[in-house]
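Q: sequence and predicted structure are below.
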Amino acid sequence: MPLLRLQNTSKSTTSNREAREGTIARPNIRAESGNNLPAPFWSSLSRKTVRQQIKDKYKLLSETARRRGFFWGSFEIYGGLSGFLDLGPLGVGLKRQIEDRWREFFLRRHGFIEVSTPIITPHKVLEASGHVENFKDPMTECSNCHRRFRADQLVKEATGLETEGMSLEQLGSLLKERHVKCPECGGELGSPQYFMTMFKTSIGPYGEDPAYGRPEAAQGIFVNFRRIFETMREKFPIGIAQVGTVLRNEISPRQGPLRLREFTIMDFELFFDPEEPDCPYLDEVASDELSIVTEENRKEGTENAISVEVGEAVKKQLIKAPWAAYFMALSKRFLNQLGVEGQHQRFFEKLPTERAHYSAQTFDHEVRLDRWGWTEVAGFAYRTDYDLRKHMEATGEDLRVFKPYPTPRVRQVKSIRANHQNIRKLFQEETGRVADLISKDDPEKLLRAKKAGQPVKIGSYTVPPDCFDVVQEEVKETGTRFLPHVIEPSFGVERLLYTTLEYNLTMREDRIILRLPFNLAPIQASVFPLVNKDGLPKRATEVLEALIANGLRVDYDESGSIGRRYARADEAGVPLGITIDYDTLKDDTVTVRDRDSWNQMRTPIGTLSSTIHTIVKEGFKPSK
């Protein structure tokens, strides 16, 4: 995080005794009460309003996020633009910590690798992958105000039905039967039609090369698979990740930071041998319990989740691929580290009509959010060999992996060999051309013709059966080639960021506290000089620089009263406050304040870093 130095415009008269025994030690005193919170906050939210708004965490969180610099709507001074989000300094810091934690959780521990590929993707790539044909959503237009909306979302909101995968005819019928109206003006809605949700562009000044903003990061991995595989010395199975921006031209994004037209995706493709599908890590999570809404239950008309151990889910084929089951268990643990307890997580299996065109089985990892209910934050798709096969067919490039046999295998094969002597008698100067065509033609077709004693059509030539011979050969094979299958875990970073904030947002005595875990907090400690004079700022700066040198994310705040600074730090999710007071100048000790309990302890500056690490490991133990 960048160093933030907030200049103080007022002089504080807070005493050393007040800082140590009053403000920090006792949470009920004036400096820890709502009266000393920053004016901008309390000018917009009264105490009564705060108590009411905790019932709507989305509203309270959005206000706090804007005020403290986590996120806000893009292009605000121009009236804003739905579907786009700006991250402030703390938002960028939290996003970076989530991404790094994800890399540690899923990539580094398994030896997976990461690549970066362009956002702009040529039309032919996405045509081969099936996105040009399939990446579309049903849209309906109001006949009165001409606003356009996702037809399936309007029907779902009005009926509570699961609408993903419904046909245009089904959606149109439900719009009419349930009398669904325009949410903006109440007008009549037209018949649904498909709308492509990829942003289209062109490459070059003449527009001769159509392209799209990538709707997923995966295709950059698939088209580079062979080169990456060779670069990594043909290590297999292999996991290849990408973290980056994707674009989806949503019809009517109406869920704030949860449904965006531009967002960051974290995904990786795990390539494995379909004949050896077992995951070597599965035993580590076999007893973990997952809450799953299965395809079977959904077909029976219920969305009740079952609780099942990971090992049992694989055994019963509830989860087809062991690798997918393993990553789903890790995902639950990962969300738990972000602050989302297990009872607020579930895995929602997609029906065949709802799955993406490339998927044989898909689970959405959902969390329960205060306003939006069950919301997808990650997805797990079994993509089989679909993508590699499609790119192989489109380009002619061999994307298969060589698999050596334990010992070479010898087998007898029948092959076709051109009989040049007989060809020359019939075709004379075209002998070479005809012989070449015979060598490249379908062996099975030629074998059938030879057996029947019939001439065969090869190119523009009619070739009699005595122009080629069937040869029995012994072939030694050292291995075989196969197309890998793929498991894809994919995470939306902005949704994870919002989820992390919501699940760590609490209140205490009308005060907002963001209880971010220490290792996740964009700022881990704030350094406060008690007053902005008498050498305290200089000593505070020295403490700040020492903590930064020890690898901690620390900022500096000298603006306003100490109570206001504590309140700002609580809202920003800063776990520890370090106050430099007059006793510091005497005995080189500082006061460390805990964000969550408001307790405090006194510790020497020389052992401050080790004290912080002890707090993180063992919890905060206030001075007696």
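A: Looks like it came in fine.

Q: now stretch 360-378: buried residues?
A: Buried residues in stretch 360-378, defined by neighbour count with 16 or more other Cβ atoms under 10 Å: 361-367, 369-370, 374-375, 377-378. For glycine as for every other residue, the C-beta is placed from the backbone atoms N, C-alpha and C.

Q: sorry, that was for stretch 104-116
A: Within stretch 104-116, the residues scored as buried using 16+ other Cβ under 10 Å are 106-107, 110, 112-113, 115.

Q: rewinding a little: looking at the buried residues of stretch 360-378, which is nearest H123?
A: T362 (25.7 Å; Cβ to Cβ).

Q: distance of the most centrally placed residue in the chain relative to Y358?
A: Centroid check for the chain by Cα atoms, centre = their mean gives F491 as the closest residue, at 1.8 Å. F491 sits at a distance of 18 Å from Y358 (criterion: Cβ to Cβ, to the nearest Å).

Q: coming back round to it: tell me the one of the buried residues of stretch 104-116 nearest R495?
A: Distances from R495 to these, taken by Cβ to Cβ, are shortest for F106, at 16.6 Å.

Q: state the pair within the buried residues of stretch 360-378 that is farthest apart.
A: Most distant of the buried residues of stretch 360-378, by Cβ to Cβ, are Q361 and D370, 30.2 Å apart.

Q: pLDDT below threshold where in the chain?
A: Counting by pLDDT under 70, the chain contains low-confidence ranges at 1-54, 624.

Q: show me where the stretch 401-550 of the chain has helices.
A: 420-427, 431-440, 443-452, 493-504, 536-549 (DSSP state H, counting those that start in this stretch).

Q: so what secondary structure elements neighbour the third one?
A: Spelled out, that is helix 443-452. With contacts taken as 3 or more Cβ pairs under 8 Å, 6 or more residues apart in numbering; DSSP states H and E, helix 443-452 sits against strand 401-418, strand 456-458, strand 468-482.

Q: paired strands for the shortest one, with orientation please.
A: Within its sheet, and counting by DSSP bridges, strand 456-458 is paired with strand 461-463 (antiparallel).

Q: same question for the first one.
A: Strand 401-418 sits in its sheet next to strand 468-482 (antiparallel), going by DSSP bridges.

Q: mind checking how far D570 is from E542?
A: Distance from D570 to E542, by Cβ to Cβ: 25 Å.

Q: ok, the buried residues of stretch 360-378 vs I562, which is closest?
A: Nearest to I562, judged by Cβ to Cβ, of these is D370 at 32.3 Å.

Q: list the contacts of that closest one.
A: Contacts here follow Cβ atoms under 8 Å, 6 or more residues apart in numbering; on that basis D370 touches 56-58, 502.

Q: which of these fall in helices?
A: 57-58, 502 (DSSP state H).

Q: Throw those residues into CSV and include distance to S559 and neighbour count, thanks.
A: Putting these into CSV (distance: Cβ to Cβ, whole Å; neighbours: other Cβ atoms under 10 Å) gives the following:
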residue, distance to S559, neighbour count
K57, 28, 18
Y58, 29, 18
E502, 28, 19
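
Q: for these, which one is nearest K403?
A: Closest to K403, out of all of the ones in helices among the contacts of D370 and judged by Cβ to Cβ, is E502, at 46.7 Å.

Q: now do that closest one against L576, distance only.
A: Distance from E502 to L576, by Cβ to Cβ: 23 Å.

Q: quick check: which of the helices and strands packed on helix 443-452 is buried the most?
A: strand 456-458 (a mean of 17; mean count of other Cβ atoms under 10 Å).

Q: now for E133, how many residues are close by?
A: 11 (other Cβ atoms under 10 Å).

Q: same check, this time on the one 10 residues further on
A: Burial measure for S143: 12 neighbouring residues, criterion other Cβ under 10 Å.

Q: tell me who's in contact with it.
A: 187-190.

Q: can I get these in JSON lines with secondary structure and neighbour count?
A: Listed next are those as JSON lines, based on DSSP: H, G, I helix; E, B strand; the rest coil; neighbours: other Cβ atoms under 10 Å:
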{"residue": "G187", "secondary structure": "coil", "neighbour count": "16"}
{"residue": "E188", "secondary structure": "coil", "neighbour count": "16"}
{"residue": "L189", "secondary structure": "strand", "neighbour count": "24"}
{"residue": "G190", "secondary structure": "coil", "neighbour count": "17"}
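
Q: helix/strand/coil for the nearest residue to S623 once chain neighbours are set aside?
A: Spatial nearest neighbour of S623, excluding adjacent residues (Cβ to Cβ, 6 or more residues apart in numbering): M601 at 4.3 Å. Following DSSP: H, G, I helix; E, B strand; the rest coil, M601 is assigned to strand.

Q: which strand residues bridge M601?
A: V592.

Q: that one and F528: what is the separation?
A: Taking Cβ to Cβ as the measure, M601 falls 15 Å from F528.

Q: so which of these two has more stuff around it?
A: Neighbours around M601 and F528, counted as other Cβ under 10 Å, are more numerous at F528. The numbers are 27 against 19.

Q: now do the contacts for the more buried one.
A: 540, 557-558, 562, 565, 577-580.

Q: next one: H365 relative to F348, how far apart?
A: Relative to F348, and taking Cβ to Cβ, H365 is found at 8 Å.

Q: residues shared between the contacts of the two?
A: Common neighbours of H365 and F348 (criterion: Cβ under 8 Å, 6+ apart): E376.

Q: so how far is stretch 492-508 off the chain centroid?
A: Stretch 492-508 has its average C-alpha position 15 Å from the chain's average C-alpha position, going by Cα atoms, centre = their mean, to the nearest Å.

Q: and for stretch 137-155?
A: 28 Å.

Q: gap between the two ends of that stretch?
A: One end of stretch 137-155 to the other measures 13 Å (Cα to Cα, to the nearest Å).

Q: more neighbours: which of D570 and E542?
A: D570 (25 against 13).

Q: just checking, the more buried one touches L516?
A: No. Using Cβ atoms under 8 Å, D570 is not in contact with L516; the gap is 10.7 Å.

Q: longest helix of this structure?
A: Assigned via DSSP H, the chain shows its longest helix as helix 322-337.

Q: so after it, what's the next helix or strand?
A: strand 345-349 (DSSP states H and E).

Q: partners of that next one, with directions?
A: strand 289-293 (parallel), strand 361-369 (antiparallel).

Q: any chance of JSON lines for those strands, columns distance to F222?
A: Shown next, in JSON lines, are these (distance: least, Cβ to Cβ, whole Å):
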{"stretch": "strand 289-293", "distance to F222": "28"}
{"stretch": "strand 361-369", "distance to F222": "17"}
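
Q: quick one: closest of the ones you listed to P138.
A: Nearest of the strands paired with strand 345-349 (Cβ to Cβ): strand 361-369, 19.0 Å.

Q: report the angle between the axes of the longest helix of the chain and strand 361-369?
A: 10 degrees (axes from the mean of the first three to the mean of the last three Cα atoms, to 10 degrees).

Q: quick one: contacts of helix 322-337?
A: Outside helix 322-337, the residues touching it (Cβ under 8 Å, 6+ apart) are 101-102, 105-106, 237, 270, 272, 277-279, 281-282, 284-285, 288, 290, 310, 313-314, 319, 342, 345, 347, 361, 363, 365, 367, 377-378, 380, 382, 487, 489, 491, 499, 517, 520.
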